[in-house]
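**Q** A structural model of the following input is requested.
(one chain, ligands or ions: 1)
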Amino acid sequence: MKRYGVMLIGCGHIGMTHLCDIYFRDNVKIIATVDSDIERAKDAAKKSGAASFGTDYRPFLDDPMIDVVIIATYTSSHLPILRDCLAKGKHVLCEKPIGTDLSNGKEFADEVRKAKTKVLVAHILRHNSSYIKLQKMISEGVIGDLRMIRMTQNHHTVDRKRFRNLLTDCSPILDCGVHYIDVAQWFTGSKIVEVSGIGTKIDERSVNCDYTVMNFKTESGCVGYFEAGWNPGVSSLNVKDFIGTKGRLTLTLAENRPSDREEGDLISLYKTETGEYITINNPSEYKDMYAQFTTLTDMIENDTDGDPTIDEVESAFRVACAAEEAIATGRVIRL
Ligand SMILES: NC(=O)c1ccc[n+]([C@@H]2O[C@H](COP(=O)([O-])OP(=O)(O)OC[C@H]3O[C@@H](n4cnc5c(N)ncnc54)[C@H](O)[C@@H]3O)[C@@H](O)[C@H]2O)c1
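**A** The predicted structure is shown next:
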């Protein structure tokens, strides 16, 4: 079995989520951990058994022991770090989103397409077993034709510093929206062709809107909305509803279940014709970082495409940029 040498760049919230789920695996050896905050880099090295840590990733790119680099820094740094990694022949697992605007997002996608090594963009919901199950049920016609999607992903942001930093690069409709826009396109098997939206700054010091909501329509005729707010005043009471001509599927994550969390996520199926409710317990890890990492190793070993592919990643990103534009201008954007 190939053992992959890994460097993690960015040892904050999501960087540590990656690390904690992969460092103990048989096919992984963490070689170096890097963060502009040296204490974070040091703690991550201690936790994962990495021999090296530092504040600058560049010297480590010459280390032949490092096969894979995980980029978990702020969005504005994803493209320059990706370029440095590809120039040194490293495979990359990079956090979403791929850019802060249409132009640098396109540059990112173009770099990936011409790369000699493999790059996977971290759309974690593609690796979540409940989302995989929902997609399968919808594609099998369990709720008929998918006509309406309701998705909210608000954060009650007690960690204000972290979210202020994220809001410096983009609004939640771009940062978080790329996940759920991708879900909408994945579940409908169709592309979003129209978006509109509204937003506001609940915290006036925020660089970008900290509350955003978009409406969308797909080529297949499904309509929907996605809402994302990052503010301590917002509650994180979230909804994931998928409504078709024959019924509805609702996902409640284990942590949000009123009871029986031990059973995993709750998928509820309502059948319109019979009025029947079917409940399915689905053991699932919300952010299955090792499944995602395994997708990258499969890409490397079997020359497979990513999940999502870079075309799917770029498509979701373009829709998210259009939603930001719709919110800024008040216009309906047709794609
Ligand atoms: N996939 C997901 O579910 C998910 C969840 C949260 C965040 N994210 C994405 O991950 C990225 C990071 O978000 P976060 O919430 O972990 O932020 P965070 O603030 O918790 O962590 C970012 C870390 O990167 C470090 N850093 C920034 N620039 C650096 C550089 N050039 N070199 C070295 N270290 C650097 C910071 O010091 C910080 O420790 C963002 O792009 C965000 O959109 C993805």
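**Q** nearest residue to V183 in space, please, no chain neighbours.
**A** L125 (5.7 Å; CB to CB, 6 or more residues apart in numbering). (Each C-beta comes from the backbone N, C-alpha and C, glycine too.)
**Q** before we move on, what about G15?
**A** G15's closest residue in space is A72 (CB to CB, 6+ apart), at 3.5 Å.
**Q** got phi/psi on the one you found?
**A** With angles defined as degrees, to the nearest 10, A72 sits at phi -130, psi 40.
**Q** what of S206?
**A** Per degrees, to the nearest 10, the backbone of S206 is at phi -70, psi 140.
**Q** doesn't N165 make contact with it?
**A** No. Using CB atoms under 8 Å, S206 is not in contact with N165, being 11.0 Å away.
**Q** contact partners for the residue in the chain positioned nearest to the ligand?
**A** The chain approaches the ligand most closely through G12 (1.8 Å), counting by CB to the nearest ligand atom. G12 sits next to 35, 40, 72, 162 when contact means CB atoms under 8 Å, 6 or more residues apart in numbering.
**Q** swap the cut-off to 10 Å and go again
**A** Neighbouring residues of G12 by CB atoms under 10 Å, 6 or more residues apart in numbering: 35-37, 40, 44, 72-74, 162, 165-166.
**Q** before we move on, what SS does the residue lying farthest from the centre of the chain have?
**A** In the chain, counting by CA atoms, centre = their mean, T274 sits farthest out from the average C-alpha position, at 36.1 Å. Counting by DSSP: H, G, I helix; E, B strand; the rest coil, the backbone at T274 sits in coil.
**Q** what sits against it?
**A** T274 neighbours (CB under 10 Å, 6+ apart): 246-247.
**Q** between S206 and N165, which one's more packed in?
**A** For S206 versus N165, the count of surrounding residues by other CB atoms under 10 Å is larger for S206: 18 against 13.
**Q** now that one: closest residue in space, sequence neighbours ignored.
**A** S206 sits nearest to L167 (CB to CB, 6+ apart), 5.0 Å away.
**Q** shouldn't that neighbour be within a helix?
**A** Yes. Membership of L167 in a helix is supported by three-state DSSP.
**Q** my read is that it contacts C176, right?
**A** No. The criterion here is CB atoms under 10 Å, and L167 misses it with C176 at 11.2 Å.
**Q** shared neighbours, those two?
**A** W230.
**Q** what strand or helix carries A320?
**A** helix 310-329 (DSSP states H and E).
**Q** roughly how far is that helix from the heart of the chain?
**A** Distance, stretch centre to chain centre, for helix 310-329: 14 Å (CA atoms, centre = their mean, to the nearest Å).
**Q** got the CA coordinates for it in CSV?
**A** Provided in CSV are the C-alpha atoms of helix 310-329 (Å, rounded to 0.1, in the frame of the first residue of the first chain):
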residue,chain,number,x,y,z
ILE,A,310,-13.3,20.6,-12.0
ASP,A,311,-16.0,21.4,-14.6
GLU,A,312,-18.7,20.9,-11.9
VAL,A,313,-16.7,22.9,-9.3
GLU,A,314,-16.3,25.8,-11.8
SER,A,315,-19.9,25.6,-12.7
ALA,A,316,-21.1,25.9,-9.1
PHE,A,317,-18.5,28.7,-8.5
ARG,A,318,-19.8,30.7,-11.5
VAL,A,319,-23.4,30.4,-10.2
ALA,A,320,-22.2,31.6,-6.8
CYS,A,321,-20.5,34.6,-8.4
ALA,A,322,-23.7,35.4,-10.3
ALA,A,323,-25.6,35.3,-7.0
GLU,A,324,-23.1,37.8,-5.5
GLU,A,325,-23.7,40.0,-8.5
ALA,A,326,-27.5,39.6,-8.3
ILE,A,327,-27.3,40.6,-4.6
ALA,A,328,-25.1,43.6,-5.3
THR,A,329,-27.1,44.9,-8.3
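**Q** understood, closing this out.
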